[in-house]
Each structure stands twice: as structure tokens, then as C-alpha cells.
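# for reference, the sequence and a predicted model appear below.
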Amino acid sequence: LVVLVVFFTNLAGAALPNSDVLGLPDIVRQIFVSSGLAMVLTTVIVGQLTAQVNAADCMLDFINNYFMLYFVTYVSMAIEFSGLLHCVYLVQMLFAKITGKSMESDGPPRTRMQSFFFWARVLFSCAVLGFAFAVVLSALFTNKTSMWEGVPPVVSVVIFFLLVAFAGIMEGMQIAILAVVKLPEEDLRNHPTSKANCDLTFKGRNLQAFLIGRQILVTVCMFVVARIITLDVKPGLDKNIFDVSDSVQDKLFNSNILGAIITTVVSSLIWRVVASSFPIPFLSNPLIYLIIRLCLIIEASGLCSG
């Protein structure tokens, strides 16, 4: 739901090419407006960090309202029930199979009808994700996205997958770091890299600084990814992706819903599921120490201290 909101925010608030804002000089306009930096800062400060900081201090008060119940909880549950993102459960099962770790569930075993319904949604989700990748990659390789001019298609694809992986690692980091707190201390001592990452994160006020810096980095990645994979096809003027009808191109492909599905699954949910199931192995990645340091530096810069 969060990724979907970020994608539509980018779609609604992205500056038009050569737009004149407040009579700013061209160099300022290019850096601050056309690049999307203004939209990123607005989203991070107003739409994310303010709520995150307030929720950390007033947890029960923050969720003690009908908006949270009906427009957040119920909507999130409805999206999960639809099966649109059920391919994530398949990834979780595969990781459990590879590592030999049993999957524990608080609910009763599924009946045959429930199992059929579950696996039908998994197949549906995999088909949707595969179709979304086909559309987005086809658009990237044919220069039919809103990627900045002059960037070769192959470079766009590489940047896209790198940013997706980077955002995914940061999404999983938060889950893994909070999960290891509940584990016995001796389990952490046997993994020095994970222990070093945890010691750095929980030192002083580093945890809050890390969460703020991480949120900024994730939002920046999401906005850049949205810029890269947002389709820029004018029905009736340009050749449609896969020669679909103008209505399908305009109402489905150009809506960016397919890009939102890819980003939600591949750069967020999969990494979160893996990190929650295997927090210590996830934190054993040496790259995570550098990312934590980067998050602390970004928070210390004061860029979003407002």
C-alpha cells in the first residue's frame, strides 16, 4: 500500500518538462524541480517522517482512530486477500525449503478448499508479476519510459535492478534488526558481522537516526525507480506495448500499476519475508554495515530535520 501511494504521488506531483516554478533560475529549477528532489523531500518530511516520529512516541494514540481501522488495516487486508501479491509466500516457502527451516504458523492447517484457493492466488500472483515484468522491460528496451534522456536502455535496466535490490536490502534491514532483539544473545555472538551491525544500530540514538536515514534512502530509490519504469506512451501517436488497444495502453499500462506491483514485490515484500525468517543470516551481509553508516550520515546532514 505504501509503495502504491509513493508511485501515484510521483505520478501526480512530477514536474512537467521545462515547467516554470516561482520564476526560479534554470539551474535551480533543473536541480530542485525537474530532478524530482522537491517532490522527494516533500513526501519524506510531510508524508513519512513526521508520522513515523509521532507514531514512535504515541503508538496507541496514532492508531486509535477509524481511519487507521477502515482505510489502512482493512484496505491492506483486502489487498492481501486479493492474492495479487501471493507470490511472496512462494518465495518464503522456497527459502524455507533451501535452508531446511520449518515454517511455523499460528493458524490451524488449511483445508483442501483453502489450499486450493491459496495456490490459485499464488499462481495468479506469479502470472501478474511475470506479465508486469514483460511490459516494463519491453518499455525500457524500447525507450518508452520517462527515464531521463540520453540514458541507454541497457543502462536503464541495470540501474533499475540495482535500485530495486538496494531498496530491498534496506527494507529487510529494518525487519531483521528488530527481529534479532528477540533472539538469545548467544545466537548473535556466533555471527560477528551480524553482531557488529546490531551494535552499531543500537548504540546511543543511532536506532532512530538509522530509521530516519533509511526512510529517506528508500523513498529516494522508490521515486527514481518510478521515474525509470513509468511508461511514456501516447496512445494513438506512439506504438503501443505488445500492440494492445489504446484503452488498455492508457488505462492499464500507463497507469503505472504494473510498475507498482513489481516494486512492491521485488523491492519490498520478498526482502521483508526473507529477513523476518532469517534475520541473522540477512544481517551477516557486510554491505549492511556500510548502508547503516550511510543512513546515519544522511540523518546527520539535517536534510530532513524539519
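Sure thing, it's come through. In this text, all values refer to a predicted model and were calculated from it rather than measured experimentally.
# only C-alpha atoms for contact and neighbour calcs from this point on.
Will do.
# for the stretch 1-150 of the chain, which spans come out with low pLDDT?
Counting by pLDDT under 70, the stretch 1-150 of the chain contains low-confidence ranges at 1-4, 6-26, 28-36, 47-48, 56, 102-107.
# spell out the residue ranges of the helices in it.
2-13, 26-28, 37-42, 50-57, 59-63, 66-67, 74-81, 87-99, 112-141 (DSSP state H, counting those that start in this stretch).
# same question, the stretch 151-300 of the chain
153-180, 185-189, 192-201, 206-229, 246-248, 257-264, 270-277, 279-283, 286-300.
# in contact with the residue nearest to Ile228 when sequence neighbours are not counted: list those residues for me.
In space, and not counting its chain neighbours, Ile228 is closest to Met147: 4.5 Å by CA to CA, 6 or more residues apart in numbering. Counting by CA atoms under 8 Å, 6 or more residues apart in numbering, Met147 makes contact with 156, 227-230.
# cool, Leu258 as well?
Listed by CA under 8 Å, 6+ apart, the contact partners of Leu258 are 129, 132-133, 135-136, 252.
# quick check, pLDDT for it.
Here, the pLDDT recorded for Leu258 equals 86.
# that one and Val44: what is the separation?
23 Å (CA to CA, to the nearest Å).
# what do you get for Ser277?
29 Å.
# state the distance from the residue nearest to Ile228 to Gly259.
In terms of CA to CA, Met147 sits 13 Å off from Gly259.
# and Pro153, by the same measure?
Distance from Pro153 to Gly259, counting by CA to CA: 17 Å.
# which of these two has more neighbours?
Gly259 (24 against 18; other CA atoms under 10 Å).
# so that one touches Ile228, yeah?
No. Under the criterion of CA atoms under 8 Å, Gly259 makes no contact with Ile228, lying 9.6 Å away.
# of all the helices of the stretch 1-150 of the chain, which one is nearest Asn190?
helix 87-99 (17.8 Å; CA to CA).
# flag every buried residue along the closest one.
Residues 87-93, 95-96 are the ones in helix 87-99 that count as buried (16 or more other CA atoms under 10 Å).
# swap in stretch 223-239?
For stretch 223-239, the neighbour count (16+ other CA under 10 Å) marks 223-233, 235 as buried.
# equivalent analysis for stretch 154-174, please.
Quick answer for stretch 154-174 (16+ other CA under 10 Å): 156-157, 160, 163-174.
# which member of the residues you listed is positioned nearest Cys58?
Gln174 (19.9 Å).
# ok, now how distant is that closest one from Thr201?
10 Å.
# Val181 too?
On the measure of CA to CA, Val181 and Thr201 end up 11 Å apart.
# of these two, who's got more company?
Per other CA under 10 Å, whichever of Val181 and Thr201 has more neighbours is Thr201, with 21 against 13.
# contacting residues for that one?
207, 210, 292.
# can you lay out these as TSV showing pLDDT, distance to Met77 and neighbour count?
Formatted as TSV, the contacts of Thr201 follow (pLDDT from 0 to 100; distance: CA to CA, whole Å; neighbours: other CA atoms under 10 Å):
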residue	pLDDT	distance to Met77	neighbour count
Leu207	83	29	18
Phe210	86	29	25
Ile292	91	31	24
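# geometric centre of this structure: which residue is closest?
What sits nearest the mean C-alpha location of the chain, by CA atoms, centre = their mean, is Ser268, with 4.3 Å.
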